[in-house]
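1. what follows is a predicted protein model with its sequence.
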Amino acid sequence: MCAPTPLLLSIGVSYLLGSIPFGLVLTRAAGLGDIRQIGSGNIGATNVLRTGRKGLAAATLALDGIKGLAAVLLTQAYAPDCVLFAAAAAFLGHLYPVWLRFKGGKGVATALGVLLGVSWPVGVLAMLTWLTVAVLLRYSSLAALVAAALTPITAWFFATPGTALLALFLATLVFLRHHENISRLLNGTETRIGQKKPGTAVSA
């Protein structure tokens, strides 16, 4: 059972790790301005890709996943009973970062990172699901939604009930954060991976 002091410490540290806005930091460092003024306005890798900088998008994807994984691994080292809480806190940090007035990303990469740390088979299956749908259909949002929907099921069979509950929590928020994407998918106006949104301008 997770004691109060390590619980608060793990939640605080994990939230702060999760709240690092790598998409914003990397695009600003590259001289591209504020990623929130580009494309969808999101700070995640898919929107970074709309700048035309594939390397930056890949780095954003990796770092957003690594921060979730790091939060879990750190917690496993000093408070293993608090891991599920740390995983949820890191994910919430990405969605609602204090540095950006609680307006963050959609959490897909960070969710994959925390799942990989909590249960690597579940994390790997989620990543493979996302990658398969993304490659075949070229919709990042659809890939995220399919992976999110299937992960609680795979977690139930390949991990613990606690992990399955965490996966359900992550999936619920991923769906809520993608409500606009769901509408665009249904009416056929969702942009594909690598496609710029109409009217998108990127400063050099």
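-> Received the coordinates, thanks.
2. run through the neighbouring helices and strands of the helix with the most length in the chain.
-> Using DSSP state H, we find that the single longest helix of the chain is helix 54-78. Secondary-structure packing of helix 54-78 (3 or more Cβ pairs under 8 Å, 6 or more residues apart in numbering; DSSP states H and E): helix 4-18, helix 22-29, helix 45-49, helix 83-95, helix 108-118. (Each C-beta comes from the backbone N, C-alpha and C, glycine too.)
3. out of the ones you listed, which gets the lowest mean score?
-> Comparing mean pLDDT across the helices and strands packed on helix 54-78, the weakest is helix 45-49, with a mean of 91.
4. list the contacts of it.
-> Contacts of helix 45-49 with the rest of the structure, by Cβ atoms under 8 Å, 6 or more residues apart in numbering, involve 23, 26-27, 35, 38-41, 56-58, 60-61, 64, 109, 140-141, 193-194.
5. mind listing what's buried along the longest helix of the chain?
-> Residues of helix 54-78 classed as buried under the neighbour-count rule (16 or more other Cβ atoms under 10 Å) are 56-57, 59-61, 63-76.
6. pick the most buried one from the helices and strands packed on helix 54-78.
-> Of all the helices and strands packed on helix 54-78, helix 108-118 has the most neighbours on average by mean count of other Cβ atoms under 10 Å, namely a mean of 28.
7. how far away from the center of its chain is the helix or strand following it?
-> Proceeding N to C from helix 108-118, the next assigned helix or strand is helix 120-137, under DSSP states H and E. Centroid separation for helix 120-137 versus its chain: 13 Å, with Cα atoms, centre = their mean, to the nearest Å.
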